[in-house]
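Got a sequence here, can you model it:
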Amino acid sequence: MTDQAPPAYSGPRRVLSGVQPSGALHLGNYLGALVKFARLQHEVETFIFVADMHAITVWQDPKLLAGQVREITAAYLASGLDPKVATIFPQSAVPQHAELAWIFNCVARLGWLDRMTQFKEKSGKHKERSSVGLYTYPVLQAADILLYKATEVPVGEDQRQHLELTRDVAAKFNHDFEVPGFFPLPEALTQGPGARIMSLRDGSAKMSKSDPSDNSRLNLLDDADAIAQKIRKAKTDPEPLPATLEELKDRPEAENLVGVYAALDGRTSEAVLAEFAGQGFGAFKPRLADLAVAKLGPVSEEMRRLMADPGEIDRVLADGAERARAAAAPILAEVRKIVGFWGA
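Just a heads-up that it's a prediction; the model follows:
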């Protein structure tokens with residue numbers, strides 16, 4: 001006899017993702033995540049949360065955290081997420097995340113977490129002084145995903161290793177408790193153009209809300225003057241734009257600005273180069289600034305409107321949390337029964 005592979009998960013498609021409320025959202029978040037969430041909600045059942053439990057793995061001011069959750073939610077809504085279509089909720093309002101994370105802490109292996117490169121990067125030379133949460137948050141991430149039996153997860157390169165850990169946790173749970181196919185092995189959703197927007201000050205570094213230079217990023221709440229000024233000051237080189245992507249390979253800042261233009265305009269970088277080949281940045285940057293203002297201006301305006309009415313945001317979050325709990329509860333109840341907890 002030959003060994004047969006265990007049956008695969010056969011449940012419905014679901015997408016899940018989230019953003020931490022730990023700093024101002026920027027162009028990279030918008031193009032790499034938010035606009036893609038807005039598109040996905042019309043293609044597959046979508047759960048989008050604000051990852052406040054992940055945020056506190058490093059110190060967050062308790063007086064500011066709830067407001068930061070509302071700001072992320074405002075960005076979701078301003079970017080086109082519809083709370084009647086997608087389930088939008090704060091992670092901490094669904095206690096099943098924490099309970100499943102504990103169960104998965106008892107499934108995941110220490111060696112798996114020791115291999116996580118993000119912890120090494122974030123803790124640096126002070127590993128012993130980092131929180132236990134920062135070390136184990138990939139397990140909470142696995143619980144976030146599998147609590148809803150999400151089959152697909154939009155991820156950037158920096159999160160692929162964590163998604164692999166999620167697949168390992170799901171496979172080990174299914175095997176150890178003899179429930180083949182209970183949890184799916186979620187797949188990464190390739191985010192495509194705009195998924196990796198680089199710093200305006202350093203084309204080799206990802207645009208980041210933790211960068212000390214505000215000029216390194218276009219924040220979603222920047223006004224038109226700030227956007228134009230940051231693009232005008234963006235680092236470039238003295239050469240004109242070439243005709244092919246091959247000629248851009250060793251020009252990271254130029255390649256980044258062309259990629260930003262393409263993503264904002266819904267075109268390929270090749271099409272942008274076909275239009276601007278031979279032109280210098282003195283001609284290209286004003287066009288990019290005008291495009292960025294036109295695309296980001298309405299998002300910024302809607303975010304400000306929403307943030308001026310926190311009651312509206314809170315209603316969205318409360319409704320989303322109720323729907324998320326309703327989706328999570330039966331799955332966690334099954335897990336409790338499988339594990340053998342009393343009363344399950």
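
Next, the buried residues of stretch 322-332.
Judged by neighbour count (16 or more other CB atoms under 10 Å), stretch 322-332 contains these buried residues: 323, 324, 327, 328, 331, 332. Yep, even glycine has a C-beta here, placed from its N, CA and C like the rest.

Contacts only, for the nearest residue to the last one once chain neighbours are set aside.
In this structure, residue 332 finds its nearest non-sequential neighbour in residue 96, 4.5 Å apart by CB to CB, 6 or more residues apart in numbering. By CB atoms under 8 Å, 6 or more residues apart in numbering, the contact set of residue 96 is 147, 325, 328, 329, 331, 332.

Low-confidence ranges, the protein, go.
In the predicted model of the chain, residues 1-5, 120-125, 127, 157-158, 191-195 satisfy pLDDT under 70.

could you redo the last one with a cut-off of 80?
Applying pLDDT under 80 to the chain picks out residues 1-6, 23, 117-130, 155-159, 190-196, 344.

picking that back up, can you pull the phi/psi pair for the residue nearest to residue 332?
Note on residue 96: its backbone torsions stand at phi -60, psi -30 [degrees, to the nearest 10].

for residue 88, phi and psi?
phi -110, psi 120.

Please apply the same query to residue 179.
The phi/psi pair for residue 179 (degrees, to the nearest 10) reads phi -130, psi 70.

Would you map the helices across the protein?
Along the chain, the segments classed as helices by DSSP state H run 27-29, 35-40, 52-55, 62-78, 96-105, 110-114, 117-123, 132-146, 160-176, 224-233, 252-265, 269-276, 281-307, 310-339.

which of the buried residues of stretch 322-332 lies closest to residue 66?
Each of those was scored against residue 66 by CB to CB, and residue 324 proved nearest at 17.7 Å.

circling back to that earlier point, can you tell which of the helices of the chain is closest to residue 13?
Closest of those to residue 13 is helix 35-40, at 10.3 Å (criterion: CB to CB).

would TSV of the helices of the chain with distance to residue 89 be doable?
Below are the helices of the chain laid out as TSV (distance: least, CB to CB, whole Å):
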stretch	distance to residue 89
helix 27-29	18
helix 35-40	13
helix 52-55	10
helix 62-78	9
helix 96-105	10
helix 110-114	27
helix 117-123	24
helix 132-146	11
helix 160-176	19
helix 224-233	31
helix 252-265	28
helix 269-276	36
helix 281-307	16
helix 310-339	4
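
closest to residue 184 out of the ones you listed?
Closest to residue 184 of these is helix 160-176 (CB to CB; 6.7 Å).

which of the residues in that closest one are buried?
162, 163, 164, 165, 166, 167, 168, 169, 170, 172, 173, 174.

Surely the last one and residue 184 touch.
It stands for residue 174. No: using CB atoms under 8 Å, residue 174 is not in contact with residue 184; the gap is 9.5 Å.

circling back to that earlier point, nearest to residue 311, out of the buried residues of stretch 322-332: which one, please.
Using CB to CB, the buried residues of stretch 322-332 come closest to residue 311 at residue 323, 18.9 Å.

check contacts around the closest one.
Going by CB under 8 Å, 6+ apart, residue 323 touches 87, 89.

Specify the beta-bridge partners of residue 14.
Listed by DSSP bridges, the beta-bridge partners for residue 14 are residue 45.

State the distance from it to residue 146.
11 Å (CB to CB, to the nearest Å).

Comparing the two, which shows the higher neighbour count?
Comparing residue 14 with residue 146 by neighbour count (other CB atoms under 10 Å), the higher total belongs to residue 146, at 24 against 20.
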